[in-house]
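In: No letters, just coordinates:
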DNA sequence: TTTGTCTTACATCTTTGGATTGATATTTTG
DNA sequence: CAAAATATCAATCCAAAGATGTAAGACAAA
């Protein structure tokens, strides 16, 4: 019963010892979180996380020795169920994007008010993902930018569109590494028929061999098309 | 001077005529936006967009005839500078993700309060991206999920790590669709040497032919490794 | 109905790819 | 330094892949 409302446990990782102390005091004084550990080393932090199983980790991602992003990735791989909030001095869109991509549950700037940090912790502790509004826009800018080329690909004029349904099936099997025999077996047709299809595919995609065909398919959104239809 | 504070122009696209009328009235009465067009057809909407150059488009993305997402994609390709807000009845994470991915500047549920719709329009009109808080969480859930496999790939045990530097060079050229002759020419070594390397690559990656080797490379973060070193 | 496309199939021939063995020089590493 | 790994090259052999031409049946559109 007493454990029901137990304080959430926090681990702090920040190579700047001063900042580390400051945050620790801040949390101790102004919040109801338990600081179960504080270290300036990412590797040590990972070990402490394994040992103390905190609910939340505040992780500085601008560290020289070991990259904070890498540390987050390792923590995610360990699957401890810990929620990592990235701390950074920079509102760099790329950094934010990468942190969120590898599983950070929040991203807070060091310059932000202490109240905001604690609010972020509350949100994340309750299972949400927290990004300050300003950072959310930056994130989306980057997000949309990074998908811009990809979208052009799938909407652009595409030699794949000249393929017949059967040829697409054959190409799909090619992109899975099948040889003639394998394709023939899977489509229940003769090997010579497969050869015919494959040759037609080469003509239409203007390539010389199967590897180039597969590469063309992958680089031009072939899998996405398939996915959309399924 | 008078044009400085001119009303922002809005185009409405929604296959549900009733809803279309409702939104039009709402905007006319309760906001300072000019509705320059309203249509139930996605294709017509695209034409109207070209003609009237609205600042904002409210696009229903659940339409039977033509998919709203496709329409957004076409609009983005036209590069009219118009900001599209996706309207949907569903807070489906995948839908939200796809809409934002192709360049939507906002996503609003039809069930949301009218004030929120207008707020979203204001935000988007001023160049921001607007997602209701609840949808932002859904978006991030999906976002992180969709990158989960990819992250495992780059951190997982990887047969690519057994390759020598030279073999990596050869594999790189393989992933560009080169044959033996092409690789030999580019590396200034004999074709038989290339064959040796390629055979060693097959052994190490446990594959049977070049297509499978290329697929293994692409599926296991080979390009990313290269990029990191460059 | 005719035309065209798609799918199936085969034969033939040439080229490329892949496996194996063996050899030598260079580089890395213990 | 000595041993091990790497990079280079060659010959050979068989299998697979690719090019080309031909053709019949299905089916849809004009």
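Out: The structure has been received and is ready for your questions. The structure presented is a predicted model; accordingly, all values stated were derived computationally and were not measured.

In: near chain B, which residues of chain A show up?
Out: Contacts of chain A with chain B, taken as CB under 8 Å from any CB of the partner chain, map to A:73-74, A:76-77, A:100-103, A:128-129, A:131, A:136-137, A:140-141, A:143-144, A:147-148, A:151-152, A:155, A:174-177, A:179, A:207-212, A:214-215, A:218. Heads up, the C-betas are built off the backbone N, CA and C, glycines and all.

In: what do you get if the cut-off is 7 Å, keeping everything else the same?
Out: By CB under 7 Å from any CB of the partner chain, the residues of chain A that approach chain B are A:73, A:76-77, A:100-103, A:128-129, A:136-137, A:140, A:143-144, A:147, A:151, A:155, A:177, A:179, A:209-212, A:214-215, A:218.

In: and DNA strand C, which of those residues reach it?
Out: residue A:209 (CB under 7 Å from any atom of the strand).

In: Just the buried ones out of the residues of chain A next to chain B, please.
Out: A:73, A:76, A:100-103, A:128-129, A:136-137, A:140, A:143-144, A:151, A:177, A:179, A:210-212, A:214-215, A:218 (16 or more other CB atoms under 10 Å in any protein chain shown).

In: ok so, going back, now, the residues of chain A next to chain B that are in helices?
Out: Counted as lying in helices by DSSP state H, out of these, are A:73, A:76-77, A:100-101, A:136-137, A:140, A:143-144, A:151, A:155, A:210-212, A:214-215, A:218.

In: how about low-confidence regions in chain A?
Out: Scanning chain A for pLDDT under 70 picks out A:1-6, A:64-66, A:149-157, A:224-230.

In: near DNA strand D, which residues of it show up?
Out: Neighbours of DNA strand D within chain A, by CB under 7 Å from any atom of the strand: A:179, A:180, A:181, A:195, A:196, A:198, A:199, A:202, A:208, A:209, A:210, A:211.

In: Residue A:69: which of these is nearest?
Out: residue A:211 (33.8 Å; CB to CB).

In: right, and that closest one touches residue B:213 too?
Out: No. Using CB atoms under 7 Å, residue A:211 makes no contact with residue B:213, being 8.9 Å away.

In: Who are the contact partners of the residue lying closest to residue A:74 once chain neighbours are set aside?
Out: Computed as CB to CB, 6 or more residues apart in numbering or on different chains, the closest residue to residue A:74 that is not its neighbour in sequence is residue A:46, at 5.9 Å. Residue A:46 sits next to A:71, A:74, A:75 when contact means CB atoms under 7 Å, 6 or more residues apart in numbering or on different chains.

In: Okay, the second one and residue A:55: tell me how far apart.
Out: Remark: distance between residue A:74 and residue A:55 (CB to CB, to the nearest Å) = 18 Å.

In: Okay, strands next: where are they in chain A?
Out: When secondary structure is read from DSSP state E, chain A shows strands at A:9-13, A:34-39, A:56-60, A:83-88, A:106-109.

In: hmm, who's touching the second one?
Out: Yep, that's strand A:34-39 we're talking about. Strand A:34-39 is contacted by residues A:7-13, A:20, A:24, A:27-28, A:45, A:48, A:52, A:54 when judged by CB under 7 Å, 6+ apart.

In: Any idea how many residues pack against residue A:19?
Out: 16 (other CB atoms under 10 Å in any protein chain shown).
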